[in-house]
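K.L.:
Provide a 3D model corresponding to the input given below.
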Amino acid sequence: MGETAAKLRLVFDALAETRGVYLFDEVDALGGDRAAQNDVGEIRRVLNSFLQFLEEDTSESIIIAATNHPRLLDNALFRRFDTVMDFTLPDDLSVESVIKNRLASFQIGNLSWVRIVPAARGLSHAEIATAAENAAKRTVLSGRNRVLTDDIVSALEERPRSSNHYQQAV
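P.N.:
Numbering: from 1, shown residues only. Below is the predicted model:
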C-alpha cells in the first residue's frame, strides 16, 4: 500500500519520457470515491496523487482509464479526462452481428437465433466474441465446417456474466 503512489510516480515519469497509450484498467482500485464509507486513508492519498499526476501531465501520451464500476469512482476523476464513454451490453441485433462476424468463415445458415440470442443476454461484446470463437474451435476439433446452435449456446452459457449493464472508459 505505502508504495502505490511512488509506483504511480514512476509510471507518470515514464509516460512523460516515452510517448504512448497508457491504460489504467480497473481504475476503481485507484480512483474510488473519497466519501465512501469504507474509505481507507492510504487509498485517499493514492487517489489524490493520481489526480495530481493527471492534472500535471503535459506529455503527448494518451491516458485511458477503464472500469466496470463507474459508480464507485470519485467525481474528480471524471473531470481529469476529456472524454467519458459508456459501453452498454449488446442488444439482440448486436449479439447476432458479433457472432456472425466471428464465424464468417463457417457455415452458419442453420443457426437458431431464437435460442442463441437469449443465451447471450448479459454478456459483453468481448464475452460473446470469445464464446463464438470457442464454438468455432469445437467445430474444427469435431471435423465439421458447420457450427451447430448447441455449440454456440454451450459456449455462451460457459462465459462469466457481470452484474453491471455497462463498462466505462474515461
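K.L.:
low-scoring stretches of this structure, by residue?
P.N.:
Where the chain drops to pLDDT under 70, the residues are 1-2, 33-42, 162-170.
K.L.:
recalculate using a threshold of 50.
P.N.:
Applying pLDDT under 50 to the chain flags residues 165-166, 168.
K.L.:
just the helices in it please.
P.N.:
4-17, 41-56, 75-79, 92-102, 113-120, 125-141, 149-158 (DSSP state H).
K.L.:
okay if I get those as CSV plus mean neighbour count?
P.N.:
C-betas here are computed from N, CA, C, even on glycine. Output for those, formatted as CSV (neighbours: other C-beta atoms under 10 Å):
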stretch, mean neighbour count
helix 4-17, 14
helix 41-56, 16
helix 75-79, 15
helix 92-102, 17
helix 113-120, 17
helix 125-141, 18
helix 149-158, 19
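K.L.:
those helices: which one's closest to Asn68?
P.N.:
helix 125-141 (11.6 Å; C-beta to C-beta).
K.L.:
between the helices of the chain, which one is nearest to Val27?
P.N.:
Per C-beta to C-beta, nearest to Val27 of those: helix 75-79, 7.3 Å.
K.L.:
and that closest one, what does it pack against?
P.N.:
helix 41-56 (3 or more C-beta pairs under 8 Å, 6 or more residues apart in numbering; DSSP states H and E).
K.L.:
swap the cut-off to 10 Å and go again
P.N.:
Other elements packing on helix 75-79 under the criterion 3 or more C-beta pairs under 10 Å, 6 or more residues apart in numbering; DSSP states H and E are helix 41-56, strand 62-67.
K.L.:
what does the shortest one rub up against?
P.N.:
Residues outside strand 62-67 that contact it (C-beta atoms under 10 Å, 6 or more residues apart in numbering) are 11-12, 15, 19-32, 50, 53-54, 57, 73, 77-78, 80-85, 87, 164, 167-170.
K.L.:
quick one: buried residues of that strand?
P.N.:
Neighbour counts over strand 62-67 (16 or more other C-beta atoms under 10 Å) mark Ile63, Ala65, Ala66, Thr67 as buried.
K.L.:
how far does that strand sit from the chain's center?
P.N.:
11 Å (C-alpha atoms, centre = their mean, to the nearest Å).
K.L.:
adjacent strands (with direction) for it?
P.N.:
Here strand 62-67 has these sheet partners by DSSP bridges: strand 21-24 (parallel), strand 166-169 (antiparallel).
K.L.:
want to throw the buried residues of strand 62-67 into JSON lines with distance to Ser112?
P.N.:
Shown next, in JSON lines, are these (distance: C-beta to C-beta, whole Å):
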{"residue": "Ile63", "distance to Ser112": "44"}
{"residue": "Ala65", "distance to Ser112": "40"}
{"residue": "Ala66", "distance to Ser112": "34"}
{"residue": "Thr67", "distance to Ser112": "36"}
